[in-house]
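Trainee: predicted structure and sequence below. I'll ask about it afterward.
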Amino acid sequence: MTNSSTTALPVSIQSLSKHYGAVRAVDSVSFDIDAGEFLTLLGPSGSGKTTLLMMIAGFTRPNAGSIRIDGQEIVHLPPHKRNIGMVFQNYALFPHMTVGENVAYPLRLRKIPRAEIEDRVNRVLDLVRLAGYGARRITELSGGQRQRIALARAIVFEPRILLMDEPLSALDKQLRDTMQIEIRKLHDRLRMTTISVTHDQREALTMSDRIAVFSKGRLEQVASPVELYERPESRFIAGFIGESSFLPLHRDARGICFGDQQINLAQDADGVDGDSLLMLRPERLRIVSPGDVTNMDDNLFDGQVVTAAFQGESLLYEVMLSGGQKVFVRAANRSENLRAMPQAGEKVTLRLGRADTRIVRAGG
Amino acid sequence: MEPAALAETAIPQAQLDRNRHTLNRERRHENWSMLRLTIPALLIVGVLMVAPLLWLLSMSFVDIEGNYGLGNYRLFFSEPVYVEIFLNTFKIALMVTVISVLMGYPVAYLMSILPPKWAGPMMLAVLVPFWTSGLVRTFSWLIILQRKGLINETLSWLNLIERPLTLVHNMTGTVIGMVHIMIPFLILPLYASMKAIDGNLMRAAANVGSSPTHAFFRIFLPLSMPGLIAGTIMIFVMSLGFYITPALLGGGRVKMIAQRIEESLALYPTWGPAAALAVLLLLMTALCLWISLILVRRLSPERVR
Amino acid sequence: MESHVSHRERLWLYILVGLVLFFLVAPAIIVIPVSFSSTMAMSFPPSGWSLRWYESFFQQEKWIGALWVSLRVAFGTMILTTIVGVAASYALNQGRFGLRNLIRTTLVAPLAVPAILIAVGVFFIYAALGSMLNTIWGLILGHSVVAMPFVILTMTAGFNSYDASQEMVARSLGANRLKAFLTVTLPQLKFSVATSMLLSFLISFDELIISLMVSSGPMSTLPRVTFATLRDDVDPTLAAASSLMLIVTSLPPLILHLLSMRAARKEGRDAG
């Protein structure tokens, strides 16, 4: 339970499938999770991420495939023989037991001596910063405290891996933000292989070492948060993680073009075809002010402001390009941006640095 | 372990095929171990109810002389005693149902609109007889309705009657006793469905100028229909198969199907005639319940989701 | 719900409902004063008071024997139906096997089949088996048929309002299905189980028609003896017997109802 007493184990999932009649809830998914990694399964509802988690936990039986922990096949084991800790969406704390009895439950099942149970319960309560709460009733706990007790109960028996199903969705927004950091810190201390499910992209970006994005039962991409945000492979991922506008591209004699404008790419242009889109992150687009320095290879777009909105920490513009496409531009709320804030109807020029020029596939 | 090494741990197809088999086996095993838990309950109901009912069905086609056919069923039309029993049974069931609705609906209505302070004790008054043994209540009615019972004594003390009224050991007594047993069965589902009616609807009706009576008939009554129909058909069906009350309060003079089934067992050397009556009673019951199900489904306001 | 109709305008409704409620309650409890009567005539109000009919009840082998049979049978039915019914409801709720709807319908069906038909059926099977007539087990099994739907319905409602992830989390923490059920599910469904036990006990204690068909003589249940006495002769001991039956069958649910009403009121106050 202390810093490094748990040994983290790798997980390998291969060709895992679950069908409900003709519906493929999870469609032949394969990926590996490193020992000690925090991996988040991210996707809209119905994407198969929860089904996948339930298959790892053993509550949903797959039609086919393999799940291995540290090279050992577990796909056929019942949940109680998998030795996997799990935090449920609603925490599922036992209301007929005290906090201490809840946390001691997995230890009692393992016939651990009473004195050691008490010792381990105290240590794990200390770890989740709820020392001294052992005698409380579940109903006396706040939402955040319940979340931490559910976590304590799931790790106290030193499971091989930890699963979390939408662990923060029952909390209000402010608490969710602090708990994200809290869980991240706890994971940094314990280094237990962790698989979490969420539909909240910010939660996934904040907590994870890597994120696996799902859509319609298929794995779209597995990558680190930075990689996923900066180099999404498909329009689906670019739209699901962060905000994006997209411009259609085509290839002609001069190279890659948007309309009749040639685009300078950061990447190799070989893979670009009619199926490719230019991804525009609103915060990477800049409205060019008279005094701004522009480089030769910057891409410039002319347009007209449709709406200008003040959103507190940032300013959001909707700009219609000369070709008729609408894009969003976000500028940080700094005094110089605020002073020169263009109004609706004003003509502007947008700048996209060459390094920020990213191409995504249109499909998916 | 490095990511590159993990990629090499790819599992051979043979292992995946083995997994698929194991998973299928486990699935069947789990389904069977769950199904197994229902077997004791199924055995009790299956052996003691389903099997004999099926056997009764087959026996109903064997007549008194031991011939196969519809002889027993033909008996119902040729023997006037059967015709009378059927008419009697329907007449009593219908009377009991109508009286129960007329008496029960106002109670359920008032209970649904009064605050819990009043509705609670009223509910108690409905539940006390509901929990009291039917036999005890039947006995009570004997005390109340008999020649020198509470009612006759009171009426003669008030000089309203000269000779005691015959209130029991006839159809009057039977109907009173049955109504008493059936009313709670009407009120409980009716009350549940009335509680679900949105009070705002009635207020809205009042706001647009409906008179209370108009609002009641146009809005409340139709919305309470599913509960009313479910309750009404339930007590009608239960009345059709009633045994205890007619046997005691009818004093042997009121004959209904259930008594006739029991008597036929003693009367005839074969089970045939009793079985045919049983099948008929079961069919009528099933038919009524089926109609009730359809009506309730049709009248229920569309469910959200 | 406040109403736009004044109380005075609804006076006739209050009077009507009051009369109906009186009609419902009075006959249910009138046997109690009558049972303390001092005369042979079972009239109300009694002309004098005594305990002689209770003495008569407890001095006659016919009555005590019947009471004893009824209590044993009701206890047996309660245990058997609750265990078997809880197991079946659990499987129907948690299992993913086919036939679930058919099985559920079958187990609830005794509710819709007229009691006389169930009684005739049970009698037939026992007559065919030979050795089940006039036995405690015969009565217990027969009563279990009519009590089963109530246990199934009560437990199904309990399982439906129960959070299934409770048992899942217990299993993820290392408990097998049975252990998870016993340590986590059952303690939380104790109210449903208690209701099931109470209902099956009361239904058996009250049951008449099956008992009429499959038991007689020393194996007669209390309702059966009451029925026979009622049909054959007029014995005021009946009032004592009825009062005892009344107390056994309506006191426990009454207490339960009052408790749940108080709990509901307390909840309302806490919420408000």
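Mentor: Yes, it's here.

Trainee: enumerate the residues of chain A near chain B.
Mentor: A:10, A:12, A:14-15, A:32, A:34-35, A:61-66, A:68, A:71, A:73, A:75-76 (Cβ under 8 Å from any Cβ of the partner chain). For glycine as for every other residue, the C-beta is placed from the backbone atoms N, C-alpha and C.

Trainee: from chain A, how far off is the closest residue to B:Gln146 other than its chain neighbours?
Mentor: Nearest non-adjacent residue to B:Gln146, counting by Cβ to Cβ, 6 or more residues apart in numbering or on different chains: B:Val168, 5.7 Å away. Here B:Val168 is placed at a distance of 53 Å from chain A (Cβ to the nearest Cβ, to the nearest Å).

Trainee: just to revisit the earlier point, give me the buried entries from the residues of chain A next to chain B.
Mentor: A:10, A:12, A:14-15, A:32, A:34-35, A:61-66, A:68, A:73, A:75-76 (16 or more other Cβ atoms under 10 Å in any protein chain shown).

Trainee: for chain C, which spans come out with low pLDDT?
Mentor: Applying pLDDT under 70 to chain C picks out residues C:1-6, C:41-44, C:264-272.

Trainee: check which helix or strand covers the residue most central in space within it.
Mentor: In chain C, the residue lying closest to the centroid (Cα atoms, centre = their mean) is C:Leu202, at 2.6 Å. Using DSSP states H and E, C:Leu202 falls within helix C:190-206.

Trainee: can you confirm whether the very next helix or strand once past that helix lies near chain B?
Mentor: As assigned by DSSP H and E, the chain's next helix or strand after helix C:190-206 is helix C:209-214. Yes - interface with chain B: helix C:209-214 contributes C:Ile209 (Cβ under 8 Å from any Cβ).

Trainee: show me what helix C:209-214 is packed up against.
Mentor: helix C:115-129, helix C:136-160, helix C:222-232 (3 or more Cβ pairs under 8 Å, 6 or more residues apart in numbering or on different chains; DSSP states H and E).

Trainee: can you say which of those helices is nearest to A:Arg110?
Mentor: helix C:136-160 (28.0 Å; Cβ to Cβ).

Trainee: touching chain B at all, the next helix or strand after the closest one?
Mentor: Next helix or strand after helix C:136-160 toward the C-terminus (DSSP H and E): helix C:165-172. No - figure legend: helix C:165-172 not in contact with chain B (Cβ under 8 Å from any Cβ); closest approach 12.6 Å.

Trainee: hmm, helix C:165-172 in reach of chain A?
Mentor: Yes - between helix C:165-172 and chain A, judged by Cβ under 8 Å from any Cβ, the touching residues are C:165-166, C:168-172.

Trainee: of the residues you listed, buried ones?
Mentor: Here, 16+ other Cβ under 10 Å leaves C:165-166, C:168-172 buried among the residues of helix C:165-172 next to chain A.

Trainee: which residues in the stretch 101-250 of chain B form helices?
Mentor: B:116-131, B:134-145, B:150-157, B:171-195, B:199-207, B:212-215, B:221-240, B:244-249 (DSSP state H, counting those that start in this stretch).

Trainee: what angle sits between the first one and helix B:171-195?
Mentor: Think helix B:116-131. Calculated by axes from the mean of the first three to the mean of the last three Cα atoms, to 10 degrees, helix B:116-131 forms an angle of 140 degrees with helix B:171-195.

Trainee: could I get helix B:116-131 in CSV with only the CA atoms?
Mentor: What follows is helix B:116-131, C-alpha atoms only, in CSV (Å, rounded to 0.1, in the frame of the first residue of the first chain):
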residue,chain,number,x,y,z
PRO,B,116,-51.9,11.9,3.7
LYS,B,117,-53.1,12.9,7.2
TRP,B,118,-56.6,11.6,6.1
ALA,B,119,-55.6,9.2,3.3
GLY,B,120,-53.4,7.2,5.7
PRO,B,121,-56.2,6.2,8.2
MET,B,122,-58.6,5.6,5.2
MET,B,123,-56.0,3.2,3.7
LEU,B,124,-55.9,1.4,7.0
ALA,B,125,-59.7,1.0,7.0
VAL,B,126,-59.3,-0.6,3.5
LEU,B,127,-56.4,-2.8,4.5
VAL,B,128,-57.8,-4.2,7.8
PRO,B,129,-60.6,-6.2,6.1
PHE,B,130,-58.2,-7.0,3.3
TRP,B,131,-55.9,-8.8,5.8
